[in-house]
Each structure stands twice: as structure tokens, then as C-alpha cells.
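K.L.:
Okay, structure incoming, though there's no sequence with it:
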């Protein structure tokens, strides 16, 4: 390879690697018609985790979020989850903290969190493989 083409090759190689996301995220949020729906993503590691119900309540002025999930597989699944908080103006406050969860095959589990800032009126939940 000649030296004048090497920088171009290196640039193309670096940018193609930078776009690969080995930990994709699946995002669910409120849908007034169906309750909760998939918004973005489709992480294969969490494809067996199904969101069944979502609940929200206000405790001392802060939004409390609960989501019931079920593992549709017969095998245990380990995944990460976090809640993002949606403000009244539609802006989203992303939580930096991912929490670990393990759910056995065919088991249901409730994931919950409280808005730490007290500004949220709704939430969305994000899942990704561990």
C-alpha cells in the first residue's frame, strides 16, 4: 500500500468501527392507546424481556415509576435497565445510572425508581443486555 493512500484507509477503517454499537438499547415509553410501546432499538440480548404494565404515582411531589416485565424465555436473563424522566415541556432528563437485573425463565419482576429531581411528569424505561 502506498503511503499516500494509507491515511485514507486509516480514516475509513476508524469511522466504520466507530459506528458499531455492541450494546444497543431498547427504549419503551407511554403510549396513550396501548399503555406502553417500543420506541427505539431492539437489543437481541433483551428480546425475551417483555414489558407488561407500567404504573406511575406521585410521592411527596416526585414521580414514582414501576414497570412489570416478564422473561418469555425458559432461560434466565441478565440485563441492565434505567429510567429516563420526561418533564412537562417534553424534555428528557437522562439517568446516568444503569442497574443490574436478573430474571429467571418465565418469571415476572417489577422494576421501579423515583425521579431524583422532582420535575418529571412521565418516564421511559431503557433495557440493554449485560
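P.N.:
Structure's in. What do you need? Note that this is a predicted model, so its numbers are computed, not measured.
K.L.:
Tell me where this protein has helices.
P.N.:
For the chain, the helices defined by DSSP state H occupy 6-18.
K.L.:
Lowest average confidence across helices and strands of it, where is it?
P.N.:
Ranked by mean pLDDT, DSSP states H and E, the helix or strand of the chain with the weakest confidence is helix 6-18, at a mean of 43.
K.L.:
For the nearest residue to residue 44 once chain neighbours are set aside, give its distance to residue 87.
P.N.:
In space, and not counting its chain neighbours, residue 44 is closest to residue 129: 7.3 Å by Cβ to Cβ, 6 or more residues apart in numbering. Bear in mind the C-beta positions are built from the backbone N, C-alpha and C, glycine included. For residue 129, the distance to residue 87 equals 29 Å [Cβ to Cβ, to the nearest Å].
K.L.:
okay, the two: which has more neighbours?
P.N.:
The neighbour comparison of residue 129 against residue 87 (other Cβ atoms under 10 Å) goes to residue 129, with 18 against 14.
K.L.:
was I right about that one contacting residue 48?
P.N.:
No - contact criterion Cβ atoms under 8 Å: residue 129 and residue 48 do not qualify, at 10.6 Å.
K.L.:
give me the number of residues near residue 128?
P.N.:
Neighbours of residue 128 under the rule other Cβ under 10 Å: 19.
K.L.:
and stretch 67-82, which residues are buried?
P.N.:
67-71, 77, 79-82 (16 or more other Cβ atoms under 10 Å).
K.L.:
got it, and stretch 96-111?
P.N.:
For stretch 96-111, burial by neighbour count (16+ other Cβ under 10 Å) applies to 98, 101, 103, 111.
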